[in-house]
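Chemist: attaching a predicted model along with its sequence, questions to come.
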Amino acid sequence: MQFRIMDARPEKRRAQAALVGQLQGSAKRFRKVVSWRGGNQEFDVYWHALEQFWSVSDEKQDPTVYWDFYGTDNPEEAKVLYMSCQSTTQQEGNLRKHGGLFLADADENMYLAHTGMIGGGVKGVGKNTFVREYRGGNWHTIRWPDDVETDVVVVGRIGGPDFPAQLGRFAREVDRVKAVGKLQGAGVRTRGPSAGSFNPEFTGKRCPHAAGGAIESECYHGSVVNTLHDEVERLLGREPANDQPRDLYLTDESGRVELLIEVKTDLSTGSIYQAIGQL
């Protein structure tokens, strides 16, 4: 899918209004102190209990940017909340130093994306760590107004029914990436030798264009595979790998496959035969 960066002030204002409207309209509001590197302040915090994350939108810190940030502490229990990540965007134009940006597709649907710029003031935490460790997938190459191309993570479609869940997963994944980065910065080895690696699968909506117009179909395969990956790692203490023909697999010390998982989206005869063939 081809995206363009939303660059003009009016369209970015529209995207910000849609973002804030969705995140605040279905959430419970709290008045809480939020802490981050270099400061803390009291804000109206909007808690999404089902998705287990909170959001804050503020335009007073800096009148040139939309400051949107997120965390995973439960405001019903915590006195002070800690920022996990932010998706700060320029109100006009775009600077690559910020984490967030708004994108539009060919049908002018609006998306929130992230450049991978994360911080925390701790050795080992930064964009390089994000790119290396992020498991959420959905990377896309975009072209900036100065013709520079970079890869960004498309978090989700603003206004889509799954957007709060996608944003919540992103915030929790940034928490995990930061924790790994802190360990690595302290010289702690965070992964053992592996016969393969895991590349998270696409999760979201695919929009193929046919003669009759755009056909939008849900794609849950990636979400299932990514969730199974996390469960296998949690239960067995080992990270499964994947490749083009195999959804998930584990190998023993000799390199022999000892666990193989195939995921199919239906129970049709064709899918069953295909799965048996792959197994």
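Modeler: Structure's in. What do you need?

Chemist: please, where are all the strands along the stretch 101-250 of the chain?
Modeler: 110-114, 139-143, 149-157, 204-206, 209-210, 213-214, 217-219, 248-251 (DSSP state E, counting those that start in this stretch).

Chemist: lowest average pLDDT across those?
Modeler: The weakest mean pLDDT among these belongs to strand 213-214, with a mean of 32.

Chemist: lowest mean pLDDT among the helices and strands, pick that one out for this structure.
Modeler: Ranked by mean pLDDT, DSSP states H and E, the weakest helix or strand in the chain is strand 213-214, scoring a mean of 32.

Chemist: quick one: mean pLDDT for whatever helix or strand residue 29 lives in?
Modeler: Per DSSP states H and E, residue 29 falls inside strand 28-36. In this model, strand 28-36 has an average pLDDT of 95.

Chemist: and what of stretch 171-190?
Modeler: Averaging pLDDT along stretch 171-190 yields 86.

Chemist: and the contacts of stretch 263-279?
Modeler: For stretch 263-279, contacts defined as CB atoms under 8 Å, 6 or more residues apart in numbering pick out 220-221, 224-225, 228, 245-247, 260, 262. For the C-beta atoms, the positions are set from N, CA and C on the backbone; glycine is no exception.

Chemist: buried ones among these?
Modeler: Neighbour counting with 16 or more other CB atoms under 10 Å marks 224-225, 246-247, 262 as buried within the contacts of stretch 263-279.

Chemist: which ones among these are found in helices?
Modeler: Members of the buried ones among the contacts of stretch 263-279 lying in helices (criterion: DSSP state H): 224-225.

Chemist: okay if I get the buried ones among the contacts of stretch 263-279 as JSON lines plus pLDDT?
Modeler: As requested, the buried ones among the contacts of stretch 263-279 are exported to JSON lines (pLDDT from 0 to 100):
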{"residue": "224", "pLDDT": "81"}
{"residue": "225", "pLDDT": "81"}
{"residue": "246", "pLDDT": "81"}
{"residue": "247", "pLDDT": "83"}
{"residue": "262", "pLDDT": "87"}
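
Chemist: follow-up on the earlier one: now for the strand holding residue 29, which elements pack on it?
Modeler: With contacts defined as 3 or more CB pairs under 8 Å, 6 or more residues apart in numbering; DSSP states H and E, the packing partners of strand 28-36 are strand 39-48, strand 65-71, strand 80-82.

Chemist: to residue 189, which of those lies closest?
Modeler: Closest to residue 189 of the helices and strands packed on strand 28-36, according to CB to CB: strand 80-82, at 26.2 Å.

Chemist: and that closest one, what's buried?
Modeler: In strand 80-82, counting by 16+ other CB under 10 Å, buried: residue 81.

Chemist: do the same with stretch 264-271
Modeler: So for stretch 264-271, nothing qualifies as buried (16+ other CB under 10 Å).

Chemist: tabulate the CA atom coordinates of that stretch in CSV.
Modeler: Written as CSV, here are the backbone C-alpha positions of stretch 264-271 (Å, rounded to 0.1, in the frame of the first residue of the first chain):
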residue,chain,number,x,y,z
LYS,A,264,-4.7,-21.4,8.4
THR,A,265,-7.6,-18.9,8.2
ASP,A,266,-10.4,-21.4,7.4
LEU,A,267,-11.3,-25.1,7.5
SER,A,268,-11.6,-25.6,3.7
THR,A,269,-10.2,-28.8,2.2
GLY,A,270,-7.6,-26.8,0.3
SER,A,271,-6.3,-25.2,3.5
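
Chemist: could you dump the contacts of stretch 263-279 to a markdown table with distance to residue 84?
Modeler: What follows is these, written out as a markdown table (distance: CB to CB, whole Å):
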| residue | distance to residue 84 |
| --- | --- |
| 220 | 25 |
| 221 | 27 |
| 224 | 25 |
| 225 | 24 |
| 228 | 24 |
| 245 | 35 |
| 246 | 32 |
| 247 | 29 |
| 260 | 34 |
| 262 | 34 |
